[in-house]
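Chemist: predicted model follows, preceded by the sequence.
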Amino acid sequence: MNRALVLLALAACTARPGLDDDNPDAAGIGLTLPKGFLFGTATAAHQIEGSRSRDCDGGYENDWTIWESDGGHIRDGGTSATADDSWCHFDKDLATMQSLHVNAYRMSIEWARIEPKEGVWDDDALGQYQSEIRALNAAGIKPMITLLHFTMPVWAYADGGWTNPATADRFATFVAHVVPVLGPDVELWCTVNEANAYVVSTYLLGNFPPGELNANVHMATAFVNLMKAHAKAAKIIHDMDPGAQVGVAHSVRIQQPASSSTLDVAIAGLNDDFYNESVPRANATGHMVLNIPGMFDIDEEIPDMKGSFDYLGINYYTRDTIRGDLTNPALSNMYFPDGRPLNDLGWDEFPDGLYIFLERFKSWGLPIYVTENGVADTAGDKRGRYLAQHMDALERASRDGVDVRGYMHWSLMDNFEWEQGYAAKFGLFSVDFEKDPTSRNWTPAVDVFRTIAGNLKP
Amino acid sequence: MPFSTLALLLCAAATPEEGTSARLLRPEVAASTGIYATAYTATGLTYGDAMWAAAAQARGLIGGLTGDLSVLGLFPLASNQAVGSVDLVPRVGWTGYRWSVLAGAAVQIAPVAHPVAQVLPSLRAQVDFGRFGLSAGVFDIYGQVPFHLSAEVGDFSLGYAAPLGFVASARFKLPKGLRLRVQTFVYRLFEADAGMLTLGLGWEGA
């Protein structure tokens, strides 16, 4: 009975913090955030650089360039060939950041560009990344460097990608090559971006190369191998620079049971454990535990995993509604409900979710960075409110004792959004990809961003 | 204990005793209301929803042929949470002097969910030894409890709910066949917890 009373009491008052204001005024946001709070934007190399740069030397092939050219995989038929042409115009991106008054920038380096063939290094490309990072530091913008943001070289992809445990060793070799070069200018490292979202998109939904559908065992295997890759990378970085801050960018999504049915709640709980909980738990325990009954049951100790995070990065966008559906191979249907504020991709805008995750992960005892948060908004009329609401949620969590140290908005500018191509617009600055991929055009959210940036303590 | 041995013992125990009442053969109707709560837990989080529960059930017999229908309406107590739903559990079966077996479906309808309906099997078996009885169910108690095995003593019952939890109920006699009914259950399944507490009024035939 005691448990019953506790459950009833908890359920009556849990996890529904409620926004102080559905439409918070940016003028007051950020004033109470701690000194040194990082406020910036995030990008990924493959999404902005251009794999076939238009205005300068440099190109690469990776799993995604193959996937894009296969046809039919990208919603609008676009490719990453030019993207934002940032490889040739980083100075323009830097100026754009400066106009936002950011003090941080999360960017990734492209493994396939630096190691086009196994053991063959393009140190000119690595040198350009070094120059970009130094330019950021010189501008007072702290770089957070992501070492793996979804893509991999063709040679690693052809050998099984992340289902092959050797890929973790190969990634470690790459990390050991780049960190001595970039390390002196980098304090914040993000080893792996969204391992969970990657394996779901690749092996469950089939949206990422090689596009496997409902390949549950591959999904779990790749997830474990990605965590092994993180652990190896973290050890390499820590060995080289004990003062480095190493973490991951962990995708988190609220799992909302559609109804109170046994199926809905149980499946939402299982999803939550697999998607949201497994990664920070692996850092705390050293074990990767993945269990979906009837699909896989894994408990694997990962060498050097335990305590490998100096911080936890979370990428938060939305809330999934989960409905048990025994006719679906995944045993459930995930959807976004009607009657809610939705972004252009139909995702539920749920700012309370950011507060919930910050409060939840406080218990792991790590500093937290919001390494991504943003909204697909072609018209540009939702992003300012979205940004203000989520920063309001973050600031409330900070006031409530969460050690949250930074926020990186996804994204600086519109870019190649993976399977969406150029159809999903996440940029604070819009880009006219047809006329001028180097255009960086103001949207209303820029003013909201600048206002919040101006409120931060120096 | 082998299942066959258990079955023999239960059958033997279920042999009618002269002079005892056949309470399983009584028709009944009841209505109740209370709180239904669900949550899943993770480190640092209990993410849950609380609902107002309104329930009704009826049981009728024609000879040994037994029909049983329960209805549970769940209504959100706050916005921005799990949506409301109705659970219908129609079952039919046969009731003997000391035993009853019912089978049917637990149909949950949530009008704004996708898909709207969920259907699960629902079973209930009871054995009555007089003052003492046993009951077991799969998606029993308004279709909500995945499995339970309960002992019944007089108007009170207490049981195990799988995989981790309990069910309990009590009936208090009122005049004219009326009963005040209290029912509760709590169980944990994977990461999920569910619990309900209801208070109601019922009528039992002779």
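Modeler: Looks like it came in fine. Numbering: from 1, shown residues only, chains lettered A, B, ... in the order given.
Chemist: list the beta-bridge partners for residue 192.
Modeler: As the question left the chain open, I've gone with chain A. Beta-bridge pairing for residue A:192 (DSSP bridges): residue A:148.
Chemist: the intended chain is chain B.
Modeler: What pairs with residue B:192, by the bridge criterion (DSSP bridges), is residue B:40, residue B:189.
Chemist: and for residue B:95?
Modeler: residue B:100.
Chemist: for it, give its distance to chain A.
Modeler: To chain A, residue B:95 is 27 Å away according to CB to the nearest CB, to the nearest Å. Heads up, the C-betas are built off the backbone N, CA and C, glycines and all.
Chemist: quick one: contacts for that residue?
Modeler: Taking CB atoms under 8 Å, 6 or more residues apart in numbering or on different chains, we find residue B:95 in contact with B:24-25, B:61, B:64, B:66, B:101.
Chemist: which among those residues end up buried?
Modeler: Neighbour-count burial (16 or more other CB atoms under 10 Å in any protein chain shown) applied to these gives B:24-25, B:61, B:66, B:101.
Chemist: any idea of the pLDDT on the spatially most central residue of chain B?
Modeler: Nearest to the geometric centre of chain B sits residue B:141, at 2.1 Å (CA atoms, centre = their mean). pLDDT recorded at residue B:141 is 97.
Chemist: go ahead and confirm it touches residue B:183.
Modeler: Yes: between residue B:141 and residue B:183 there is a contact at 7.3 Å, judged by CB atoms under 8 Å.
Chemist: by mean pLDDT, flag the weakest helix or strand of chain B.
Modeler: helix B:3-13 (a mean of 43; mean pLDDT, DSSP states H and E).
Chemist: switch the buried ones among the contacts of residue B:95 over to a markdown table; also include distance to chain A.
Modeler: Below are the buried ones among the contacts of residue B:95 laid out as a markdown table (distance: CB to the nearest CB, whole Å):
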| residue | distance to chain A |
| --- | --- |
| B:24 | 27 |
| B:25 | 31 |
| B:61 | 29 |
| B:66 | 25 |
| B:101 | 22 |
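Chemist: just these: which are in strands?
Modeler: Within the buried ones among the contacts of residue B:95, membership in strands is found for B:61, B:66, B:101, as judged by DSSP state E.
Chemist: where does the residue nearest to residue B:44 when sequence neighbours are not counted land in three-state SS?
Modeler: Closest residue to residue B:44 apart from its sequence neighbours, by CB to CB, 6 or more residues apart in numbering or on different chains: residue A:363 at 3.4 Å. Secondary structure, DSSP: H, G, I helix; E, B strand; the rest coil: residue A:363 is helix.
Chemist: burial check on residue A:363, number of neighbours?
Modeler: Residues near residue A:363, counting by other CB atoms under 10 Å in any protein chain shown, number 13.
Chemist: which residue is the nearest non-sequential neighbour of the residue nearest to the centre of chain B?
Modeler: residue B:185 (6.1 Å).
Chemist: please report how far that neighbour lies from residue A:268.
Modeler: 20 Å (CB to CB, to the nearest Å).
Chemist: swap in residue A:332?
Modeler: 8 Å.
Chemist: shared neighbours of those two, anything?
Modeler: residue A:322.
Chemist: tell me which of these two has more neighbours.
Modeler: residue A:268 (30 against 23).
Chemist: give me the distance between the more buried one and chain B.
Modeler: 6 Å.
Chemist: kindly report the same for residue A:380.
Modeler: 26 Å.
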